[in-house]
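> can you look at this prediction? I've put the sequence above it.
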Amino acid sequence: MRIFQILTTVAFGDAVSNDCLAIKKLIEDSGYKTYVYAENLDKRISDPNIRYFYKLPKIKKDDIILYHLSTGTEINKKIKTLPGRKFVIYHNVTPPDFFVKYSGKLSKLCSDGVNQVKDLKDTFEGGMCDSQYNLDELRNYGYTCPLEVRPILIPFEDYRKEPDPEVVSKMRDGVKNVLFVGRIAPNKCQQDLISMLYAYRKMYSDPIRLILAGNPKGMEKYTAKLKTYAEALGVTDVVFTGQISFPAILAYYSTADCFVCMSEHEGFCVPLVEAMEFKVPVLAYDCCAVPGTLGGTGILMKSKDPSLAASYLHEILNDDDLRKKIIEEQDRRLSDFSYENVSEQFMRILKGYIGG
């Protein structure tokens with residue numbers, strides 16, 4: 001039996017790619033022959049068992065295909081015609097409306113993706129979804145095959161590596177750090193974080209800075225709008241990190257005083273779990289998969305009112321008892337995402353589908 005993972009892109013730092021690579025190692029460690037095929041590959045990939053999709057060998061009827069579905073791509077059309085036993089791993093597709101003002105190309109890609117997800121509803125024997133939110137979406141699209149929720153597989157030992165010492169030194173200057181990690185994109189709603197910072201400055205005197213750690217590639221128009229907005233408000237302490245190294249990301253997490261998420265579309269949101277790992281209290285807008293990932297921890301806001309968000313943030317930054325309580329609750333939730341728990345869950349589901 002061969003197990004093939006197929007996806008659009010394998011790139012370092014991407015949540016879907018990281019999930020795929022962690023699954024590959026898990027499947028190999030479980031004694032199966034496994035391969036990864038993608039339309040796009042990071043140039044740094046050197047594993048001979050990770051190859052371009054056009055090099056996909058002839059699939060046999062007893063081969064297993066695990067298909068990571070997350071965007072529009074020609075592979076979504078080709079997957080229907082492949083033989084073998086097919087199972088979906090659904091990461092969700094960002095609604096195209098978020099991108100209409102900023103990128104016609106990306107908007108079309110997401111629009112195609114949504115339509116292709118719907119078109120694939122009778123293609124798979126079963127599947128896994130990152131969250132209940134994603135599973136509910138597939139059911140709404142007419143998927144009737146067996147589906148189970150399985151969180152993204154995160155190798156937490158990677159987060160215990162040495163953070164960038166220069167970033168750590170720079171961020172530990174007495175100013176409290178408010179962090180959001182995620183690509184610069186309109187569905188992530190970084191403008192609401194800037195509004196919150198502005199309100200905080202009007203309401204309180206203690207110094208804070210906002211760190212937006214994310215890659216702006218493809219979203220240059222949106223990034224420019226964010227910077228113009230910050231300048232218009234007179235908010236100077238906003239750090240746009242751009243694409244950064246993994247040690248730098250570790251440094252920002254390790255020096256963060258609060259993680260704030262205002263996103264309006266997430267299929268899982270790995271940075272929430274990363275914040276838990278670094279014992280950073282989370283403040284988040286109650287939307288999409290975010291409450292499911294937090295699992296009753298952190299502080300959830302029903303409103304995006306900047307003054308309300310600023311008041312919550314001020315409490316988290318200045319009330320030691322509240323911070324301790326939030327972190328203790330997050331620690332308990334974090335155990336649900338442990339590598340051991342999720343890997344066992346993944347293999348149980350996989351073996352249930354394929355036998356053995």
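It's in. The model shown is predicted, which means the values in this text are computed figures rather than measured ones.
> break the protein into its domains for me.
Split into domains by automatic domain parsing, the chain comes to 2-150, 157-336.
> any idea of the mean pLDDT for the shortest one?
Looking back up the chat, that one is domain 2-150. Averaged over domain 2-150, pLDDT sits at 96.
> thinking again about what came up before, for residue 343, find the nearest of the domains of the chain.
domain 2-150 (5.2 Å; Cβ to Cβ). Heads up, the C-betas are built off the backbone N, CA and C, glycines and all.
> before we move on, the earlier item: redo the domains of the chain as CSV? Include mean neighbour count.
Shown next, in CSV, are those (neighbours: other Cβ atoms under 10 Å):
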stretch, mean neighbour count
domain 2-150, 18
domain 157-336, 18
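> quick one: closest of the ones you listed to residue 349.
domain 2-150 (5.1 Å).
> centre of the chain to that closest one, how far?
Relative to the centre of its chain, domain 2-150 is centred 15 Å away, using Cα atoms, centre = their mean, to the nearest Å.
> cool, stretch 283-296 as well?
13 Å.
> residues making contact with it?
92, 130-134, 151, 189, 192, 258-269, 272-273, 282, 298-302, 304, 309, 312-313, 316, 329, 333, 336 (Cβ atoms under 8 Å, 6 or more residues apart in numbering).
> and the end-to-end length of it?
12 Å (Cα to Cα, to the nearest Å).
> same question for stretch 66-77.
Terminal-residue distance, stretch 66-77 (Cα to Cα): 15 Å.
> which other residues reach it?
Contacts for stretch 66-77 (Cβ under 8 Å, 6+ apart): 3-8, 16, 19-20, 23, 39, 53, 79, 86-94, 108-117, 119-120, 124, 267, 350.
> which residues in this structure form helices?
15-29, 75-78, 104-119, 132-140, 165-171, 190-203, 220-233, 246-254, 270-277, 290-294, 306-318, 320-334, 339-354 (DSSP state H).
> between these, which gets nearest to residue 182?
Ranking those by proximity to residue 182 (Cβ to Cβ) places helix 270-277 first, at 5.9 Å.
> what about that closest one, distance to the chain center?
The chain centre lies 10 Å from the centre of helix 270-277; the measure is Cα atoms, centre = their mean.
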